[in-house]
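Visitor: A structural model of the following input is requested.
(one chain, ligands or ions: 1)
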Amino acid sequence: MKLRILLPVLALLLGVGVAPAAAAAEPVTAADACYTWGRTLSEGASGDDVRQLQIRVAGYPGYGGVLGLDGQYGPATKAAVTRFQQAYGLGADGIAGAATFAKIYALQDNDCTPVNFTYDELNNCNSDWSGGNVSAATARANALVSMWKLQAMRHAMGDRPIAVNGGFRSVSCNNAVGGATNSRHLYGDAVDLGAGAQGFCALAKQARNHGFAEILGPGYTGHNDHVHVAHRSSRFWSAPSCGVSG
Ligand SMILES: [Zn+2]
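Guide: Residues are numbered from 1 along each chain as shown. A predicted model of the protein is given here:
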């Protein structure tokens, strides 16, 4: 739990007031060790702060959508922010202000990962993210986006744990496990999911709503024992046993 959340709770418990006027007049202080937004963002805004927001709402593009992480707050970003707000019972105006950022701070760890996923579980093959088809930094950044998509999916499915069986692979690791030579695991954005309490087909179907252009599951070669979700430039969904295709 973040300090920003904890303080009002403590104040409530102790029966003391928190002075909002004083807090508002102060310069922006870090909300956590990851990232702190310094302004309200709405349609028409641009910059790295928009891009940081886009990463956090990448799991809310709507069915079959993929949100561009371009730092431009256009209609798709507004729609994604609106869906995020609706998912958490916030005022759904598509404008990212204090309430939206507070929810994001509550959802993220100090290393910027969403609270229910970690870099380690998306990298069980080689620890420094090197040796894939992109730089280590890019692979790690791609994994972060996939984690935010999974966090959205997890919330939409009742906040039950999602079992992650792996993610990034170096070329040698991918070869060792018999992965396809063009596997998205080499880029860091692929995640293999266990059945969990949800079951493979529920996961494969739900993933269509959360920004995964690649979904492979039961009925697709080699995917009867897990569901694979990833990014790719054009959509490829195949889990025939679940009725997922496209
Ligand atoms: Zn996979």
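Visitor: please make it C-alpha for all contacts and neighbour counts, starting now.
Guide: Will do.
Visitor: for the protein, longest helix please?
Guide: Looking across the chain with DSSP state H, the single longest helix is helix 136-156.
Visitor: averaged pLDDT, that one. What do you get?
Guide: Per-region confidence: helix 136-156 scores 98 on mean pLDDT.
Visitor: note down every partner strand of the helix or strand just after it and its orientation.
Guide: Of the helices and strands lying after helix 136-156 in sequence (DSSP states H and E), the nearest is strand 164-166. Counting by DSSP bridges, the strands paired with strand 164-166 are strand 191-193 (antiparallel).
Visitor: chain center to the partner strand, what's the gap?
Guide: Mean-position distance between strand 191-193 and its chain equals 13 Å (C-alpha atoms, centre = their mean, to the nearest Å).
Visitor: residue contacts, the residue in the chain that the ion sits nearest to?
Guide: With C-alpha to the ion, the shortest gap between the chain and the ion falls at His228, namely 4.4 Å. The contact partners of His228, taken as C-alpha atoms under 8 Å, 6 or more residues apart in numbering, are Ala190, Val191, Asp192, Leu193, Glu214, Ile215, Leu216, Gly217.
Visitor: who does the third one bridge with?
Guide: Meaning Asp192. Assessed by DSSP bridges, Asp192 has beta-bridge partners Gly166, His228.
Visitor: contact residues of this structure facing the ion?
Guide: Residues of the chain found near the ion (C-alpha under 5 Å from the ion) are Asp192, His228.
Visitor: kindly provide the distance from the closest residue to Ala139 other than its chain neighbours to Pro218.
Guide: When the adjacent residues along the chain are set aside, Ala139 lies closest to Gly188, with 4.3 Å between them (C-alpha to C-alpha, 6 or more residues apart in numbering). Separation of Gly188 from Pro218 (C-alpha to C-alpha, to the nearest Å): 22 Å.
Visitor: can you pick out the residue with more neighbours from these two?
Guide: Gly188 (33 against 22; other C-alpha atoms under 10 Å).
Visitor: do I have it right that that one meets Asn142?
Guide: Yes: if you go by C-alpha atoms under 8 Å, Gly188 and Asn142 touch, sitting 5.5 Å apart.
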